[in-house]
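Trainee: generate a structure from the sequence data that follows.
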Amino acid sequence: MTDETVRFGLLCSMFEAMLRDRTSAKKRKRLRTFLDVAYTGREYFSAVRLILPGLDRERGTYGLKESALANALVDALGISKDSDDARKLVNWRKGGARAGANAGNFSLVAAEVLQRRQGMASGGMTIKELNDALDRLASCENRGDKAAILSDLIKKTNPVEMKWILMIILKELKLGISEKSIFHEFHPDAEDLFNVTCDLKLVCDKLKDPSQRHKRQDIDVGKAVRPQLAMRVSNASTAWKKLHGKNVVVECKFDGDRIQIHKNGGEIHFFSRNFLDHTEYSHGMSGVILQNVLADRCILDGEMLVWDTAAQRFAEFGSNQEIAKAAREGLESDRQLCYIVFDILYAGDTSVIHQSLTERQALLQKVVKPLKGRLEILVPNGGLNDIRSAGEPCWSIIAHTLDDVEKFFKQTVENRDEGVVLKDLGSKWEPGDRSGKWLKLKPDYIHAGADLDALIIGGYFGSGRHGGEVAQFLVGLAEQSDSGYPKRFVSFCRVGTGLSDEELDALVSKLKPYFRKNEYPKKVPHFYEVTNNSKERPDVWIDSPDKSVILSITSDIRTIKSEVFSAPYSLRFPRIQRVRYDKPWHECLDVQSFVDLVNTSNGNTHRGTDDGGLQTNNSTRKRTMKKKDKGSVSVVPAHFVLTDISGVKGETLIFANMMFFFINTPPSYSVEYFHKLVAENGGTFSMNLNDSVTHCIAAERKGIKYQAATRHGDVIHYSWILDCCTQKRLLNLQPKYFLFLSDSSKSKLQEEIDPFSDFYYLDLDIMDIKQIFNNMTGAENVHIKEYHKKYCPWETMCLLHSCCIYFCEMANSRNAGAVIVSELAVRRMKLETSMHGGEVCSSISHATHIVVYSTLESYNFDEIYESFPANQRCFLHSKKLHVVTHLWLKDSIQKGKKLLEDEYNLKPDTLEDIDFNIEEGKQDHGAHATTSETEEKPNSTEKMVDISGKRKRGRPTGSITTKGRPGLKPVRRTRARAVTRRAKINPDETIDDFSDENGTGAAESNETPLLEVHDDDINKVQETHEAGSSNTELDLQDGKADKDHLDVHKVEEDKKEDASEKLEQMVDPLHAMLLDMIPTLSQKNVETSTSTLRLREKNVETSTSVPECEKTQPVPGANQVKKKVSYKDVAGELLKDW
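Mentor: Just a heads-up that it's a prediction; the model follows:
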């Protein structure tokens, strides 16, 4: 079999089986079986390039990562960008309830989308056809062409095959088997051959028989070689132990691009560590290589960086491509590409990788002629070390002791280099090796301890490129003080690494005005405690602690007993984590807290000087920390813990008589900082929102707390507090400070501000204008549906014009297949609705039609009614809402015209009889009933209502029995907050200014409306109630405003118990539903007569699935059974069968 006959589906089956296999041995065996069975002709490359897509260099790059591939798939499928499936593809990383279990795996998310659009049968695509399609995809540059190829692939595959095609394009198969294992199963010598050639096709062509060993092939010019890699170590001590007894060279690890330069006469190649040829370096470096590399054929290993000729230093990582592009376009710049060579692999016609590193470095000095700033060599006794400036560290040294390694590492870290690399001088160069002959040590690998906040108290001038400017800092810890802010600071450590050049320049610029030179005979400032050790003595002091800045410092988790600094302990390899501009100077770490932290480290402290070994009792430490953590758990939520302001000293009284509530704060400031700032200026703060709060402060408009604050009153931007504290006075609230302005404030200031909070008489600045624009809401969408039907050239496109359809599915079967069919049918109907000018809605509140779909075409209105929540069933009573079968929509579309709904109607006529106005139900039911209205119908209280219904189990029709007296719980009365307090706009305002906002008007709005039932409403209930409900007698009597009673007589034996139950208005779904059904129930009490509704027991007939109301005569002699029920019980009797 060949690639022309082997189907891709067979390869996908192997992939799926390998995913199910648990062990690597089973996976390798399955791979071997596939190769032996499917490729009898042993032309393996076509399949291996699909199994190892990341190593295939015969095919170019696709230019499709997940984001671009998602957009291309959307185009290939022809779906809308706003559709759910398109959003799922584009937002494949996002989780959530709707994302499913595949969120975060693009190929699986895509397969989930595709399985609804592709058939399950394989299209029979062969591996050759797939490779041809992928070749075309890699050669395309236009997104439309790529989408066309993907569309063709979708037509010829099923979802499983397409899933693996997408993984191949992304070069991430994730089979659970390593590249090394695949090579080993293919051929024992496959990995070695690939390491020296980086040619997958060559490996497949040469190693067809796994039983025949291949002679080891050496490297050759023009073919990329897998680079030798360095093993990561955590500290210098570990590295030294691994290379113990060997001659070691320590080199600076440059932060650039690892590049192999292959020179073959006048032909130059620049291969990356991923064996890609970076031709963009040719314009800037080819000429330099040809002139300064003396060998005609050679392979050099090194790092490509950028040299800044103006600053005379290497530029930071990330500018290589920019400078290469400038060189290609002939643009002049102070920066230029510079190649640093640290090894040579091939010279003349001979490979030298089998020679020792010492021999290769000697050969390197003979082959390469250094050119400053363009081509340098990295060797201990020459090269870059010869051109370094005075005071600059060496770039490469031969280390004899561990101290040499630690000292060199510290120098490179202080110089902001990436780290160091330790190499065995007697080692050979091994392609793709990471066995430990090379070791790398970076500051990031050092185990970091807790971040410590220390205050800058002094500075040191830098050398080399930092000469003349402060580049390092002396930081101190505070001594505890009983009288507020600390008054003395103890020198702690010296730190200068961890900041970028821009961050360092910004920090120095901020502190520069407060630098004071440390010159003899000037004394040390009295608030600093130092040892006057020469290693501690700074070049400048900070003039005053309150002008300084706090640094967050991290370091090796181990500390040392300090002999240079005044603090009891100091740090090893301290680095600046970040600058804490948001933290005031007096909140730095104090000495006692740091000592306690050291003591809890349990063995990580080193007394005096030692070899840096780790002395940790891990098990004891873990038990100690667990016990401490368990005992220190707070039972109070963190956001309710009151900020400690015991040490805050008052400065002004600008916030006197004000209480602040902070909704949210910007990232640069903590809420504790604002609390202390308010306390310093005479104000108070609250941890929760209450009526005592006068000012709500926020940084942005979002969150539940912000929504609650807008109901409380005004919301002010945090910058107002900062500006007030800066100017030491209470500033007027201007537009730029308002995030939200309450209606009460707007009405009070209506003569001073416009609707967007712009003051008429105050000048605006840029921030005011921005805030005013933010206060403006966007223009409303202009609906042009009215013009669609008028101007649309196709009548069928406006067939369902003005129809807003809600689709309802009836679950006739629990079969999974039936459910899928139902979902697809409803989805198709929704698309047809949109295509014919209709609108699909997600709620019945605005719907004109409810289209019910049933796979068995059996419909039961009772089930439809019960499927909706109680608070939405009221909409079903509207005459404007049609409940029809899906055949109405189907027939209308087929006949090309909108058919009448009567033939397809599912609603019983009894529901239609209620003249229910939805819009009326949404209004406030607070209108008072007049006395004359009740007097017009004096006999209405005796009107009889007949209701029929189904028989209940175990209870004869026409009788109701109760056991004992039902417990009637008092109904809870809820009131909305009537008063919203706004913030003080001017400092001259007093609390009395707010009194008019809490007057009688607000009190009157809180009166509780009374219940009243009119006869016409009773008639509506009588005509629409379902058959089968038992008849009861209900006496509903309206009393005074706060003494509403609902009395229903019990059985004859309990007639003496006439105690009434108090009914208060409450916010309850059942109550709300009744108010929507009978709007007059919410009207206020009437001063005079009441209406009484009596329901007597009657014989009823069994109703059908869609019940109809029938008026029946009362049964003579029927025993009257009465019971005392609550309002909910009565409502339940009325609605139990709906």
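
Trainee: list phi and psi for L733.
Mentor: Per-residue torsions, L733: phi -80, psi 120 (degrees, to the nearest 10).

Trainee: for K263, name its beta-bridge partners.
Mentor: Assessed by DSSP bridges, K263 has beta-bridge partners I268, C298.

Trainee: shift numbering so it begins at 698
Mentor: Got it, the first residue is 698 from now on, which makes the last one we talked about K960.

Trainee: isn't it up against N989?
Mentor: No. The criterion here is CB atoms under 8 Å, and K960 misses it with N989 at 10.7 Å. Every residue, glycine included, has its C-beta placed from N, CA and C.

Trainee: now the helices for the stretch 1098-1247 of the chain?
Mentor: Residue ranges of the helices in the stretch 1098-1247 of the chain, as given by DSSP state H, counting those that start in this stretch, are 1099-1111, 1198-1208.

Trainee: quick one: closest of those helices to Y1457.
Mentor: Shortest distance between Y1457 and the helices of the stretch 1098-1247 of the chain, using CB to CB, is found for helix 1198-1208: 39.8 Å.

Trainee: list the contacts of the closest one.
Mentor: Applying CB atoms under 8 Å, 6 or more residues apart in numbering, the contact partners of helix 1198-1208 are 1013, 1113, 1153, 1156, 1166-1168, 1196, 1239, 1244-1246, 1276.

Trainee: now stretch 884-892
Mentor: 752, 877, 880-881, 897, 899-900, 903-904, 907, 910-911, 913-914, 922-923, 1128-1129.

Trainee: run the last query once more with 7 Å
Mentor: Identification of contacts with stretch 884-892 by CB atoms under 7 Å, 6 or more residues apart in numbering yields 877, 880-881, 897, 900, 903-904, 907, 910-911, 913-914, 923, 1128-1129.

Trainee: again, but for stretch 866-876
Mentor: Outside stretch 866-876, the residues that touch it by CB under 7 Å, 6+ apart are 712, 715-716, 721, 724-725, 749-751, 759, 761, 763, 766, 803, 864.

Trainee: again, 6 Å this time
Mentor: Stretch 866-876 is contacted from outside by M715, S721, K724, P750, G751, Y759, L761, M864, using CB atoms under 6 Å, 6 or more residues apart in numbering.

Trainee: and for the second one, the neighbour number?
Mentor: S721 is surrounded by 14 other residues when neighbours are defined as other CB atoms under 10 Å.

Trainee: wait, what's in contact with it?
Mentor: I874, S878.

Trainee: again, 10 Å this time
Mentor: When contacts are counted by CB atoms under 10 Å, 6 or more residues apart in numbering, S721 touches M715, G873, I874, S875, S878, E882.

Trainee: so for K960 and N989, which sits in the more crowded spot?
Mentor: Higher neighbour count among K960 and N989: K960, with 22 against 15, using other CB under 10 Å.

Trainee: any of the contacts of stretch 884-892 buried? List them.
Mentor: Buried subset of those (neighbour count, 16 or more other CB atoms under 10 Å): F880, L897, V900, K903, L904, P907, R923, P1128, G1129.

Trainee: so among the residues you listed, where is pLDDT lowest?
Mentor: Lowest in pLDDT among these is P907, which has 82.

Trainee: distance check, it against R725.
Mentor: For P907, the distance to R725 equals 12 Å [CB to CB, to the nearest Å].

Trainee: same thing with S1564?
Mentor: Counting by CB to CB, the gap from S1564 to R725 is 55 Å.

Trainee: rewinding a little: among the buried ones among the contacts of stretch 884-892, which one lies nearest to H1574?
Mentor: Closest to H1574, out of all of the buried ones among the contacts of stretch 884-892 and judged by CB to CB, is L897, at 72.3 Å.
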